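**Q** Just to be clear, the model below is a prediction. Sequence and coordinates:
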Amino acid sequence: MARLGSQQRPIIVRVTSEDRAHYVAQVCSQHDWHYIIGFEGPEDISDLEKALNPPLPLQSTKVDRNSPCPCGSGRKYKKCCGS
């Protein structure tokens, strides 16, 4: 899948005013993102927000067998949820 803001997957936003459209265009230009701005319907700038604040990748949490169990029982992981 193409990166958000690329030519294959531009940022698509809907705004309700010219000022808001200029703001979106300015932010996208600063980051060299491709964008499409529409004026119909309710305002939706979720693509721009996703591009500005990308979600963090999921981190795996490895629990040592002899560590306290993350469920909060107070027992060792190997005797609680690890069995």
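**A** Here it is on my side, so go on.
**Q** gap between the residue nearest to K78 when sequence neighbours are not counted and C71?
**A** Spatial nearest neighbour of K78, chain neighbours left out: R65 (4.2 Å); criterion: Cβ to Cβ, 6 or more residues apart in numbering. The way it works is simple: take the backbone N, C-alpha and C, and place the C-beta from them, glycine included. To C71, R65 is 15 Å away according to Cβ to Cβ, to the nearest Å.
**Q** can you give me the strands for the protein?
**A** Assigned by DSSP state E, the chain shows strands spanning 11-14, 35-38.
**Q** which strands and helices sit next to the first one?
**A** For strand 11-14, the contact count by 3 or more Cβ pairs under 8 Å, 6 or more residues apart in numbering; DSSP states H and E identifies strand 35-38, helix 46-52 as packing neighbours.
**Q** circling back to that earlier point, so what's the residue nearest to K78 up against?
**A** 76-78, 82 (Cβ atoms under 8 Å, 6 or more residues apart in numbering).
**Q** Just the buried ones from these?
**A** Buried members of these, counted by 16 or more other Cβ atoms under 10 Å: 76-77.
**Q** Please identify which of the contacts of R65 is nearest to E18.
**A** E18 lies nearest to Y77 out of the contacts of R65, by Cβ to Cβ, at 58.1 Å.
**Q** In helices, which of the contacts of R65 appear?
**A** Mapping these onto helices (DSSP state H) picks out no residues; all lie outside.
**Q** Dump the contacts of R65 into CSV; add distance to S29 as well.
**A** CSV is the format used below for the contacts of R65 (distance: Cβ to Cβ, whole Å):
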residue, distance to S29
K76, 56
Y77, 51
K78, 55
G82, 52
